[in-house]
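> My questions are about this predicted structure, shown below with the sequence.
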Amino acid sequence: MGLKLHNSLTRTKEDFKPLKKGRVGIYVCGPTVYGHAHLGHAKSYVSFDVLVRYLRYLGYEVTYVQNITDVGHLTDDADEGEDKVVEAAKREKKHPMALAEYYTRSYFEDMDRLNCVRPDISPRASGHIIEQIELVKTLLEKGCAYEVNGSVYFDVSKFEEYGKLSGRKVDDMLAGARVEVSPDKKSAVDFALWKKAEPRHIMQWPSPWGTGYPGWHLECSVMAMKYLGNTIDIHGGGLENQFPHHECEIAQSEAANGVQFVRYWIHHNMVTVDGQKMGKSLDNFITLKQAFSGAHERLTRSYDPIAVRQLILNSHYRSPLDFSDAALFAAQSGYEKISETVKAVRKVMGQAVEGKADEGITKQLKEVKDKFEAAMNDDLNTSIALSVLFDLVRLTNKVLEEETAKETLNAIDDLFSRLGGDVLGLVKEEYPEVSGADAEMLERLVNVFVEQRSNAREREDFVAADALRDKLEEIGIILEDKPGGVTVWRRK
RNA sequence: GGCGGCGUAGCCAAGAGGCCUAAGGCGACGGUUUGCAAAACCGUUAUUCGCCGGUUCGAAUCCGGCCGCCGCCUCCA
């Protein structure tokens, strides 16, 4: 049984078969870089990160392209009518390109912390103006577009399949139009390919139709085609972009090339915060940096980036996800449970007795792997995949209660690394308790206190022993007494 | 107003006609262990799936109505 994906184009789960055997090209709509990434970005890019990771786990050679939108026309849910890049650039006293660069770096920083693998190619819209102009020219030549007053519009009447992705009919759209139609356009459903620049528009380029800037659907078509070909396997994005953005991408691309643009359209659902739509004008707008540091009035503490990731994977990518402090808190606890178990296995592994893997456990590990793959194959059911990982946690902790052969522990660690690490990105390769040159000193320092406390316990001076333990906890070091008088420590 | 989606325990969240007297995580409670803790393990925590009807031998899952929430409805940020 292979991977099945829900294709928005057909509204059904389909067997995934790439165009070229063993190779997958995937394009994901990237961020518009005029502010720090927020929880909504996290859901989007973690979801597609897992798709890419799982495709690679299955052995596909994946080319992952995700654009950076750094050209003018920006959307915002709270405000209307203002160019956000210009506004932000003015506020921060930066050139728009400097602003875009700043937030691009911020974006990658946050995605790295969420353990998202970097795209193979991160093309900037501003770096592909020539290609965008070329596509507009092609569409004009084919009679699918028309020029009016320095702007070029796509003639939707020339593309019969318009509406096939979002399930809309052009007639319904015309009837339901509630926005005033631009006098330049032949039809209300036509959309801009190239816009004449208003004097106040900072980002503008010369074109055969005068100075202007590209329509906002154009960049994705152009960059997807340039790096992945005229027909690409997977195009991902948020549900809010299904219409008009993706619908327009299809129209432009297919009208220009005469071949199917995207074979599988994957859309993820949106996030809410405390049950409400997250909006800049509301006080529930939380950036990733705020979540990681806890610097937001709706948060009671800081959260590990991987805990944020775990909360996202706890639900399905096509379901809406509600972020709340309580939900993040729960994810943080769950994440710690997984990582503590992995750390424990690796610790014991080092000094375990040599020996062959236990047959009974090997069989159970095989079941874990099969269940996990079955869940992921079913349209990336990460919620069930995660529950399987927790099965592995419980199994492991039971195994650790008794002396276990090295090979058994190796097999467990390998499964954690493959499923929890390679696929879900929740298990790290290394968990340094302390880092840097002071590591050894800290180790020895803590051991001094542990020894003092052990002495106190031996003479049954529990007041002194508990005081030492409490003091250490205050500075973030947790002591745990194991059977046989052994005390281990870890960082909080 | 039009189109689409969602509503499952204290919280998050799977399940989409019989395997469900509904996964998993968090929390809470009880137990094992411990000098006490912590961690771990074991057990309990929805006879019920927004509400009301209907279809069916059988519905959380299908249909209709109602209530609540979310997204999109395009010239451009």
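Okay, I see it. Numbers count the residues shown, from 1 in each chain, chains lettered A, B, ... in the order given.
> okay, A:G167: pLDDT?
pLDDT for A:G167: 80.
> Repeat that for A:K84.
Predicted confidence (pLDDT) for A:K84: 65.
> swap in A:L74?
37.
> just for the stretch 301-450 of chain A, where's the confidence low?
By pLDDT under 70, the low-scoring segments of the stretch 301-450 of chain A are A:433-437.
> ranges for the helices of the stretch 1-150 of chain A?
A:39-57, A:84-92, A:96-113, A:129-141 (DSSP state H, counting those that start in this stretch).
> and the ones you listed, which one's lowest on average pLDDT?
helix A:84-92 (a mean of 73).
> Next up, the contacts around A:I266.
A:I266 makes contact with A:5-8, A:48, A:51, A:234-237, A:317 under the criterion C-beta atoms under 8 Å, 6 or more residues apart in numbering. Using the backbone N, CA and C atoms, a C-beta is placed for each residue, glycine as well.
> what do you get for A:G334?
So A:G334 contacts A:307, A:310, A:314, A:390 (C-beta under 8 Å, 6+ apart).
> Also compute the angle for the top helix by length along chain A relative to helix A:39-57, please.
Under DSSP state H, the helix in chain A containing the largest number of residues is helix A:325-350. Angle, helix A:325-350 to helix A:39-57, by axes from the mean of the first three to the mean of the last three C-alpha atoms, to 10 degrees: 30 degrees.
> Would you mark the buried spots in helix A:325-350?
Applying a neighbour-count criterion of 16 or more other C-beta atoms under 10 Å, one finds A:325, A:327-329, A:331-332, A:334-335, A:338-339, A:341-342, A:344-346, A:348 buried in helix A:325-350.
> which among those are in contact with RNA strand B?
A:327, A:329, A:331, A:334, A:341 (C-beta under 7 Å from any atom of the strand).
> Would you mind writing the CA trace of the helix or strand that contains A:A374 as PDB?
Using DSSP states H and E, A:A374 sits in helix A:359-377. Listed next in PDB are the C-alpha coordinates belonging to helix A:359-377 (Å, rounded to 0.1, in the frame of the first residue of the first chain):
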ATOM      1  CA  GLU A 359      12.700 -11.400  19.100                       C
ATOM      2  CA  GLY A 360       9.600 -10.300  20.900                       C
ATOM      3  CA  ILE A 361      10.600  -6.700  20.900                       C
ATOM      4  CA  THR A 362      11.800  -6.800  17.300                       C
ATOM      5  CA  LYS A 363       8.300  -8.000  16.300                       C
ATOM      6  CA  GLN A 364       6.700  -5.200  18.300                       C
ATOM      7  CA  LEU A 365       8.900  -2.700  16.600                       C
ATOM      8  CA  LYS A 366       7.900  -4.000  13.200                       C
ATOM      9  CA  GLU A 367       4.300  -3.400  14.200                       C
ATOM     10  CA  VAL A 368       5.000   0.100  15.300                       C
ATOM     11  CA  LYS A 369       6.700   0.800  11.900                       C
ATOM     12  CA  ASP A 370       3.800  -0.700  10.000                       C
ATOM     13  CA  LYS A 371       1.200   1.200  11.900                       C
ATOM     14  CA  PHE A 372       3.100   4.400  11.500                       C
ATOM     15  CA  GLU A 373       3.500   4.000   7.700                       C
ATOM     16  CA  ALA A 374      -0.100   3.000   7.300                       C
ATOM     17  CA  ALA A 375      -1.100   6.300   9.100                       C
ATOM     18  CA  MET A 376       1.200   8.400   7.000                       C
ATOM     19  CA  ASN A 377       0.200   6.700   3.800                       C
END
